[in-house]
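J.: Build the 3D model from these lines:
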Amino acid sequence: MAEPVTFSLDDREVDAWPGETLLQAAERHGVAIPHLCHKEGIEPAGNCRACVVEVDGERALAASCCRMPVEGMVVRSDSPRARHAQKLVLELLASDVPDETLIRNDELQKWCNALEVGPSRFPVRSDPLPADTSHPAITVRLDACIHCTRCLRACRDLQGN
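T.: This next block holds a predicted model:
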């Protein structure tokens, strides 16, 4: 059995099991990193970019949902740079979502509240997309879509559709 790797996360030494992403290790150690496109059981995509973290020695922020930790890595999920990017992504995504509540457990709003992201400074979509009500059991509201591809990946990877 492969050994876990030890790395630094927000000034804490933590471990990650083989195959575990930075996001999964952080969650297991009680560190909340915003994420929208990640869902256990579905292949990581890194589409939403809400989970970006700062890795020492790297120029670009890394999507923690698809990045595996390595021994000795130093990661900051709460640095000013990472938090600014996380909040900006959430604010941009929220600017295109309709004001009315579409679901009970709105993950985007949950993360906006957790990171204290207020009303968006960005203009709302000027050409709202109509709802697709062609199916008797499902209404598709693309005006609320954040393009995380979670639904597509679930249908393809889990259901085989």
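J.: backbone phi and psi for residue 13, please?
T.: Here the main-chain torsion angles of residue 13 (degrees, to the nearest 10) amount to phi -80, psi 120.
J.: same question but for residue 61, I mixed them up
T.: When read as degrees, to the nearest 10, the backbone of residue 61 gives phi -70, psi 150.
J.: same check, this time on residue 151
T.: Dihedral angles phi and psi of residue 151 (degrees, to the nearest 10) take the values phi -70, psi -40.
J.: per-residue confidence at it?
T.: Per-residue confidence at residue 151 stands at 79 (pLDDT).
J.: Give me the neighbour count for it.
T.: 12 (other C-beta atoms under 10 Å). Heads up, the C-betas are built off the backbone N, CA and C, glycines and all.
J.: check which helix or strand covers the residue lying farthest from the centre of the chain.
T.: Centroid-distance maximum for the chain: residue 136 at 30.7 Å, with C-alpha atoms, centre = their mean. Under the criterion of DSSP states H and E, residue 136 resides outside all helices and strands.
J.: now do residue 14
T.: Under DSSP H and E, the secondary-structure element containing residue 14 is strand 12-16.
J.: cool, and residue 112?
T.: With DSSP H and E as the test, residue 112 turns up in helix 107-114.
J.: What of residue 75?
T.: Secondary-structure element containing residue 75, defined by DSSP H and E: strand 74-76.
J.: Okay, buried residues for the strand holding residue 14 please.
T.: Neighbour counts using 16 or more other C-beta atoms under 10 Å place 14, 16 of strand 12-16 among the buried residues.
J.: Report the strands that pair with that strand, each with its relative direction.
T.: Using DSSP bridges, the strands paired with strand 12-16 in its sheet are strand 5-9 (antiparallel).
J.: circling back: following the strand holding residue 14, which helix or strand shows up next?
T.: Where DSSP H and E defines the elements, the next helix or strand beyond strand 12-16 is helix 22-28.
J.: Tell me the helix or strand right after that following helix.
T.: strand 52-55.
J.: who does that following strand touch, helix- and strand-wise?
T.: Packed against strand 52-55, as judged by 3 or more C-beta pairs under 8 Å, 6 or more residues apart in numbering; DSSP states H and E, are the following elements: strand 62-63, strand 74-76, helix 80-95.
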